[in-house]
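Q: below are the sequence and a predicted model for it; my questions follow.
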Amino acid sequence: MTSPPPPATLAALLEEYADVETRLSDPAVHSDARVARNLGRRFAELAPVRAVATELSTAQDDLAAARELGADDAAFAAEALQLEQTVADLQDRLRELLLPKDPNDAKDVILEVKAGEGGDESALFAGDLLRMYLRYAERMGWSAEILDDESTDLGGHKSVTVALRSRTPTSTVWARLKYEGGVHRVQRVPVTESQGRIHTSAAGVVVLPEAEDVDVQIDANDLRIDVFRSSGPGGQSVNTTDSAVRITHIPTGVVVSMQNEKSQLQNREAGLRVLRARLLALAQEEADKAGSAARRSQVRSMDRSERVRTYNFAENRISDHRVGFKAYNLDQVLDGSLDDVIDALIRADTEALLAGTST
């Protein structure tokens, strides 16, 4: 039987749950939308812990009673055996809930898809990945906003940046999409191939937790902002004003360019959103290297330059190389049915953490 979770940790979380519940019942709290939203997210995170803890406590009481009565009654003895399994299952579930959390799990996401090797075919594949994520967002009820898009004459995307946000106080966007970062490889006959030969090309995906002002504070004196004229497919000018913006964060050298909007101000605001997300990711990577308690996902700890997934059109197959996941429903996956592969990655992550806590 799995050992029960640390009582001190559980007691602290249950106490926090009661405190958050009390604060949310105070009308004054809801006058500050950000505070109310953060409390709502935390309440949603703690609610499963309280529910399972309550169920476990009841099951343990029932088990104690069944064991006592089972000494003289075979029916109660049999019930006690069933309750032992129920208690064990609930302890396992509670142990999972008490595992160290990714501090970004409740955040929304900035997702970037960039064409890699393969020229036009890679750009077209980047477009397929973009559509896949947009359809998945639609299935999940998230909102999607294209922040920047460098498209090609054939309808592909050299680079595209999209913000994905939950429409509810309890965001699971980062929790679901954080495993998508890396090199995605495609094997198929390109539309530009006249001989019917299968080609292999790739596109890169970068997933960043969207940072709020309180997460990353940017000093305006640390920014160099350049403006230039936006360009469309093939280098054609899409407007006659210098509306595109390039923002350089001087201390870190991080550069963000935005040209999707016609307004320089809108491009600047979009650029700052992406810059904050990149700076947050950079700070967290540095903290990880220094041995911070902040945890990178176990299945994402590999070099991001490595391939994470292959999409084979001839076999209608999708393979995730990190966890050995394989399925033959590529058409459905590209239409947004990503849950099976994401769930496999989450399970692998959880199992790695459980193995780590038991050693």
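A: In hand now; what should we look at?
Q: where does Asp153 land in three-state SS?
A: coil (DSSP: H, G, I helix; E, B strand; the rest coil).
Q: so what are the domain limits for this protein?
A: 7-97, 106-210+309-359, 212-293 (automatic domain parsing).
Q: quick one: buried residues of stretch 320-335?
A: Neighbour-count burial for stretch 320-335 flags Asp320, Arg322, Val323, Phe325, Ala327, Leu330, Val333, Leu334 (criterion: 16 or more other Cβ atoms under 10 Å). (Each C-beta comes from the backbone N, C-alpha and C, glycine too.)
Q: if you could redo that for stretch 14-30, that was the one I meant.
A: Neighbour-count burial for stretch 14-30 [16+ other Cβ under 10 Å]: Glu16, Tyr17, Val20.
Q: returning to what we had before: highest average neighbour count across the domains of the chain?
A: Of all the domains of the chain, domain 106-210+309-359 has the most neighbours on average by mean count of other Cβ atoms under 10 Å, namely a mean of 18.
Q: elements contacting the helix or strand containing Glu121?
A: Using DSSP states H and E, Glu121 sits in helix 119-140. Judged by 3 or more Cβ pairs under 8 Å, 6 or more residues apart in numbering; DSSP states H and E, helix 119-140 is in contact with strand 109-115, strand 142-151, strand 157-166, helix 173-177, strand 182-188, strand 199-209, helix 330-334.
Q: any chance you could list what contacts that helix?
A: The contact list for helix 119-140, computed with Cβ atoms under 8 Å, 6 or more residues apart in numbering, reads 111, 113-116, 118, 143-144, 152, 154-160, 162, 164, 172-173, 176-177, 180, 184, 186, 190-192, 199, 201-203, 205, 311, 333-338.
Q: check what pLDDT the closest residue to Leu279 other than its chain neighbours gets.
A: Once flanking residues are discounted, Leu279 sits nearest to Val216: 4.9 Å by Cβ to Cβ, 6 or more residues apart in numbering. On the pLDDT scale, Val216 is placed at 83.
Q: repeat that for Gly70.
A: Gly70 carries a pLDDT value of 89.
Q: that one contacts Gln82, correct?
A: No: using Cβ atoms under 8 Å as the test, Gly70 is too far from Gln82 to be in contact (11.2 Å).
Q: any low-confidence regions in this structure?
A: 1-8, 169-171, 213-214, 231-241, 287-305, 357-359 (pLDDT under 70).
Q: which parts of it are helices?
A: 7-24, 33-70, 74-97, 119-140, 173-177, 264-289, 330-334, 339-357 (DSSP state H).
Q: against which helices or strands is the last one packed?
A: Using 3+ Cβ pairs under 8 Å, 6+ apart as the contact criterion, the neighbours of helix 339-357 among helices and strands are helix 74-97, strand 317-320, strand 325-327.
Q: helix 339-357 and the first one, what's the angle between them?
A: If I follow you right, that is helix 74-97. 90 degrees (axes from the mean of the first three to the mean of the last three Cα atoms, to 10 degrees).
Q: ok so, going back, closest to Ser57 out of the buried residues of stretch 320-335?
A: Distance ranking of these against Ser57, using Cβ to Cβ, places Val323 first at 34.6 Å.
Q: just give the nearest non-adjacent residue to that closest one, would you?
A: If the residues on either side of it in the chain are set aside, Val323 comes closest to Ala348, at 4.4 Å by Cβ to Cβ, 6+ apart.
Q: hey, what's Asp320 bridged with?
A: Assessed by DSSP bridges, Asp320 has beta-bridge partners Arg309, Phe325.
Q: can you list the helices and strands packed on helix 339-357 in TSV and add distance to Asn221?
A: TSV is the format used below for the helices and strands packed on helix 339-357 (distance: least, Cβ to Cβ, whole Å):
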stretch	distance to Asn221
helix 74-97	44
strand 317-320	44
strand 325-327	47
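Q: and these: which comes nearest Thr248?
A: So among the helices and strands packed on helix 339-357, strand 317-320 is nearest, using Cβ to Cβ, at 35.6 Å.
Q: what's the span of stretch 182-193, first residue to last?
A: Criterion Cα to Cα, to the nearest Å; first-to-last residue distance in stretch 182-193 is 26 Å.
Q: now swap in stretch 165-178 and tell me
A: One end of stretch 165-178 sits 13 Å from the other (Cα to Cα).
Q: touching that stretch from outside, list them.
A: Contacts of stretch 165-178 (Cβ under 8 Å, 6+ apart): 36-37, 40-41, 44-45, 102, 104-109, 111, 133, 140-145, 164, 207, 209-210, 297, 300, 342.
Q: chain center to it, what's the gap?
A: 7 Å (Cα atoms, centre = their mean, to the nearest Å).
Q: same check, this time on stretch 21-32
A: Relative to where its chain is centred, stretch 21-32 has its mean C-alpha point 28 Å off (Cα atoms, centre = their mean).
Q: for stretch 242-255, same thing?
A: 26 Å.
Q: same deal with stretch 261-281?
A: Per Cα atoms, centre = their mean, the centroid offset for stretch 261-281 relative to its chain is 20 Å.
Q: which outside residues touch it?
A: Outside stretch 261-281, the residues touching it (Cβ under 8 Å, 6+ apart) are 110, 147-148, 161, 163, 208-213, 215-216, 218, 225, 227, 230, 239, 241-247, 249, 252, 254, 256-260.
Q: just the ones of these in strands?
A: 110, 147-148, 161, 163, 208-209, 225, 227, 244-247, 249, 254, 256-258 (DSSP state E).
Q: Val227 contacts Ser257, correct?
A: No: using Cβ under 8 Å, Val227 is not in contact with Ser257, being 10.6 Å away.
Q: hey, what's in contact with both of those two?
A: Joint contacts of Val227 and Ser257 (Cβ under 8 Å, 6+ apart) are Ala244, Val245, Arg246.
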